[in-house]
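*Asks:* what's the 3D shape of this:
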Amino acid sequence: MAETNSILAWTLVSECPIPEDVNDLMVDGEVAVAAYKTFRDTAVFTNKRLIVRDAQGLTGKKVEVYSLPYSSINMWSTENAGRFLDFNAEVELWTRAGHIKINLQKGVDIRKFDMLIANALLK
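*Replies:* Next up is the predicted model:
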């Protein structure tokens, strides 16, 4: 398991279709809302949590699954990409488990991502 004292960091490359196998991870009443491609796997927003699947090792057969319930997020910030030599937008989450940084590549809409978090936490 990742060391929670350090900052967890994920990079989301682009929005993608919701993978069908995520249904195996969800509880009754949980619905997938959006999915994003990471370098080797996916991050899925549901109506209850953020699920990040992280394939590891050379073959990618070992998979670590992070599950972040929205109820554990205390605060978040978003920073859009600048215009010159700054291609990534950034999201930071302060949680009971620690500090999480999410880098969004150029193809990911930072405002849509921000609204996913706002709708999950504030409704």
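*Asks:* OK, contacts around the residue nearest the centre of the chain?
*Replies:* The centroid of the chain falls nearest to A43 when counting by C-alpha atoms, centre = their mean (4.9 Å). Under the criterion of C-beta atoms under 8 Å, 6 or more residues apart in numbering, the contact partners of A43 comprise W10, L12, A35, Y36, L50, I51, V52, R53. Where C-beta positions appear, they are placed from N, C-alpha and C, glycine not excepted.
*Asks:* ok, now G29?
*Replies:* Contact criterion C-beta under 8 Å, 6+ apart gives N47, K48 as the residues in contact with G29.
*Asks:* could you measure it against N47, distance?
*Replies:* From G29 over to N47 the distance is 8 Å, taken as C-beta to C-beta, to the nearest Å.
*Asks:* count of residues packed around the closest residue to V108 other than its chain neighbours?
*Replies:* By the measure of C-beta to C-beta, 6 or more residues apart in numbering, the closest residue to V108 outside its immediate chain neighbours is L12, 5.5 Å from it. Applying the criterion other C-beta atoms under 10 Å, we find 24 residues in the vicinity of L12.
*Asks:* Just the closest of the contacts of A43 to I102, please.
*Replies:* For those, the residue nearest I102 by C-beta to C-beta is W10; the value is 5.2 Å.
*Asks:* Now the closest one. Nearest residue, chain neighbours left out?
*Replies:* Sequence neighbours aside, I102 is the residue nearest to W10 in space, at 5.2 Å (criterion: C-beta to C-beta, 6+ apart).
*Asks:* isn't that neighbour right next to V13, touching?
*Replies:* No. Contact status for I102 versus V13: not in contact, 11.5 Å apart, counting by C-beta atoms under 8 Å.
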